[in-house]
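Participant: structure for this input, please:
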Amino acid sequence: MSSGTKSSGGRVFLIGGGWEETVADVVHRPFLRAARAASEASVASKAWGSGAGSAPRVLCVIVDEGDGAEQFARYDVALRKAGDCTPVPVLVPIGERFEIGAVTEDIAGVFVCGGLTPAYQEAFAESSGPLSALLRERGLPYAGFSAGAAMAARDAVVGGWLVDGVAVCPPDTAEDLEELDVRPGLGLVPFGVDNHAAQWGTLGRLAAVVAAGRLAHGVAIDENTLVEVGGEGSDARARVAGRGRAHSVRPAPGGGVLVRSYGDGESFPVS
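Facilitator: Okay, here's the model as predicted:
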């Protein structure tokens, strides 16, 4: 970067769902700050710094189940309320694939929205590797809301409410699946992610995945709560902000799992 401007891009922001207006700035503003920093770093690397000071353009990816435009309008309001930005909608019809070309040169961050998690996994199945590489190469921040947060994982918990026919969470949280299912995600964070933890009772599902050895570490996030992941390797940490808690689930010595919950302002190691 010719100016020496340091980018805050490349960070990952995981939001456990929820639409409480009083915390919109808490859960969304850190991502928007990182997007602005990435935008300014990109401008600074170009001749004369043309375009400096403009609102960062943020790609909002929605798997469209028929109400995509209405859903985008909701995210558009929440993001603009949290900070100066220009949300750019990408509506992917359910059953179709996300095209990496949507992340154009003027995009300063990618925000993957909520909805049916298995449909998001299918939408990104062919582009997960290229998208992850592009985000890292360009230093762009990624934010995931609910399903979008689940997709950030290397191994994504996409739904289900049964393990070998035994219930591990309420059936209403199953995402149209029966048996618990873990599929390849974007690989932006090394731990699995589940969402709406306190509100939907999904912590039990994540505990079951970890107990079965399908994940070495999982994080269940309450609604209106942000988990921000930064750093590299053993120094990587996850910082919690918002009204709820993030619940870190790891295998316990001798069997079972160990759950530790973290609230606003606290952090925990990623690895």
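Participant: residue 229 is in contact with residue 189, isn't it?
Facilitator: Yes. Assessed by Cβ atoms under 8 Å, residue 229 is found in contact with residue 189 at 5.4 Å. Backbone N, C-alpha and C define where each C-beta goes, glycine included.
Participant: now do the shared contacts for those two.
Facilitator: 12, 14, 270 (Cβ atoms under 8 Å, 6 or more residues apart in numbering).
Participant: ok, so of these, who is nearest residue 240?
Facilitator: Nearest to residue 240 out of these is residue 14 (Cβ to Cβ; 10.0 Å).
Participant: contacting residues for the closest one?
Facilitator: With Cβ under 8 Å, 6+ apart, residue 14 has these contacts: 143-144, 149, 152, 189, 193, 219, 221, 226-229.
Participant: where's the dip in pLDDT among the shared contacts of residue 229 and residue 189?
Facilitator: pLDDT is lowest at residue 270 among the shared contacts of residue 229 and residue 189; the value there is 93.
Participant: distance of that residue relative to residue 190?
Facilitator: 6 Å (Cβ to Cβ, to the nearest Å).
Participant: more neighbours, those two?
Facilitator: residue 270 (22 against 15; other Cβ atoms under 10 Å).
Participant: over to the residue lying closest to the more buried one once chain neighbours are set aside: give its phi and psi.
Facilitator: Counting by Cβ to Cβ, 6 or more residues apart in numbering, residue 270 lies nearest to residue 236, which is 3.9 Å off, once chain neighbours are set aside. Dihedral pair for residue 236: phi -70, psi 130, per degrees, to the nearest 10.
Participant: how about residue 180?
Facilitator: Taking degrees, to the nearest 10 as the convention, residue 180 sits at phi -60, psi 140.
Participant: cool, and residue 70?
Facilitator: Dihedral angles (degrees, to the nearest 10) for residue 70: phi -70, psi -40.
Participant: and it, what's its pLDDT?
Facilitator: 97.
Participant: what's the spacing between it and residue 113?
Facilitator: 12 Å.
Participant: these two - which one has more neighbours?
Facilitator: More crowded of residue 70 and residue 113, by other Cβ under 10 Å: residue 113, with 24 against 9.
Participant: that one against residue 61, yeah?
Facilitator: Yes. Using Cβ under 8 Å, residue 113 makes contact with residue 61 at a distance of 6.4 Å.
Participant: and for the two, which residues touch both?
Facilitator: By Cβ under 8 Å, 6+ apart, the residues touching both residue 113 and residue 61 are residue 148.
Participant: who's in contact with residue 25?
Facilitator: Contacts of residue 25 (Cβ under 8 Å, 6+ apart): 81-83.
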